[in-house]
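Q: Provide a 3D model corresponding to the input given below.
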Amino acid sequence: MGVAISVAIITKNEEEMLPKTLEAIQDLANEIVIVDSFSTDKTKEIALSYKARFFENKWEGFSNQKNFLIDKCQGDWILLIDADELVSKNLKKEILEAIQSNKYQMFEFLFHSYCYGKLVQYGGWSGFYKIRLFKKGAARFGKERVHEKFIYNENISIGRLKEPLQHYTYLSMDETIEKMNSYSTASSLDAFSKQKKSSILKVIFSPILMFLKAYILKLGFLDGFRGFILAIVNAIYHFLKYSKLYLLNEK
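A: Alright, predicted model coming up:
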């Protein structure tokens with residue numbers, strides 16, 4: 001390969017998707033590094049079966065966990081993926097070519113999201129880009145508990161890969177409800193720490209506006225019933241976020 005690639009993943013009870021994710025990057029990674037927040041299923045057993053370097057760390061939000069993960073990586077390059085993201089053969093080839101070209105220090109990946117087993121193309125769920133590959137030392141995360149953001153020098157050159165990263169999110173309604181509750185709590189705490197305020201009007205109208213944005217403006221209706229479900233999910237998430245922030249503001 002010429003350079004060492006660390007594939008880095010954070011986990012928590014990921015036994016369902018993790019084998020597929022690890023199998024897909026076996027011939028790409030010089031090392032697999034996993035930081036787990038004390039899973040109670042077979043996540044650790046699966047990770048070790050793929051010879052991953054496995055660490056456990058108390059969960060204090062996405063940014064803290066991913067920074068801990070980055071610090072454990074020893075490769076020249078870090079490919080940071082989630083346990084529910086699959087790297088295709090074509091994407092692997094493009095990753096290696098991109099690294100060997102030595103033109104950029106970071107790369108953004110195109111996302112294709114699969115919800116409840118099918119590709120969702122509209123509603124803001126696919127077609128966007130996220131940084132997923134970077135040189136060791138080029139970037140870290142901020143302090144956000146959720147919706148974490150990269151921090152890097154503005155002079156760093158960033159390339160884009162054409163092949164999509166396949167994101168298998170929301171495998172079931174139970175998982176959807178669990179994530180909505182967890183993410184809305186983290187988001188409300190982030191907002192509260194920045195002294196942001198909620199209001200009755202935000203609690204009422206933000207969910208309506210977010211539904212219309214996802215379902216109408218971002219064409220979620222073209223994804224059929226899944227598009228409708230996901231627009232409702234987006235609305236409920238914002239209802240929970242601003243309701244929780246409102247209650248925090250009252251304390």
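Q: Would you mark the buried spots in stretch 62-78?
A: Neighbour-count burial for stretch 62-78, counted by 16 or more other Cβ atoms under 10 Å, picks out 62-67, 69-70, 72-73, 75-78. All C-beta atoms are positioned from the backbone trio N, CA, C, and that covers glycine.
Q: Alpha carbons of that stretch, in PDB - could you do that?
A: C-alpha atoms of stretch 62-78 as PDB (Å, rounded to 0.1, in the frame of the first residue of the first chain):
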ATOM      1  CA  PHE A  62     -19.800  11.800  20.000                       C
ATOM      2  CA  SER A  63     -16.900  14.400  19.800                       C
ATOM      3  CA  ASN A  64     -15.200  13.100  23.000                       C
ATOM      4  CA  GLN A  65     -15.500   9.500  21.900                       C
ATOM      5  CA  LYS A  66     -14.200  10.100  18.400                       C
ATOM      6  CA  ASN A  67     -11.300  12.200  19.600                       C
ATOM      7  CA  PHE A  68     -10.400   9.300  21.900                       C
ATOM      8  CA  LEU A  69     -10.600   7.000  18.900                       C
ATOM      9  CA  ILE A  70      -8.400   9.200  16.700                       C
ATOM     10  CA  ASP A  71      -5.700   9.300  19.500                       C
ATOM     11  CA  LYS A  72      -5.600   5.500  19.400                       C
ATOM     12  CA  CYS A  73      -5.000   5.300  15.700                       C
ATOM     13  CA  GLN A  74      -1.400   4.600  14.500                       C
ATOM     14  CA  GLY A  75      -1.800   4.800  10.700                       C
ATOM     15  CA  ASP A  76      -0.700   7.600   8.400                       C
ATOM     16  CA  TRP A  77      -4.300   8.000   7.300                       C
ATOM     17  CA  ILE A  78      -7.500   7.500   9.300                       C
END
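Q: Run through who's touching that stretch.
A: For stretch 62-78, the external contacting residues (Cβ atoms under 8 Å, 6 or more residues apart in numbering) are 3-6, 8-10, 30-31, 33, 35, 37, 53, 55, 57, 59, 80, 99, 133-136, 140-149, 186.
Q: same thing but at 6 Å, please
A: Contacting residues not belonging to stretch 62-78 are listed as 3-6, 8, 10, 30, 33, 35, 55, 57, 99, 134-136, 140-144, 146, 148 [Cβ atoms under 6 Å, 6 or more residues apart in numbering].
Q: Make TSV out of the buried residues of stretch 62-78 and add secondary structure and distance to His112.
A: Putting these into TSV (DSSP: H, G, I helix; E, B strand; the rest coil; distance: Cβ to Cβ, whole Å) gives the following:
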residue	secondary structure	distance to His112
Phe62	helix	21
Ser63	helix	25
Asn64	helix	28
Gln65	helix	25
Lys66	helix	22
Asn67	helix	27
Leu69	helix	24
Ile70	helix	25
Lys72	helix	28
Cys73	coil	26
Gly75	coil	26
Asp76	coil	28
Trp77	strand	23
Ile78	strand	22
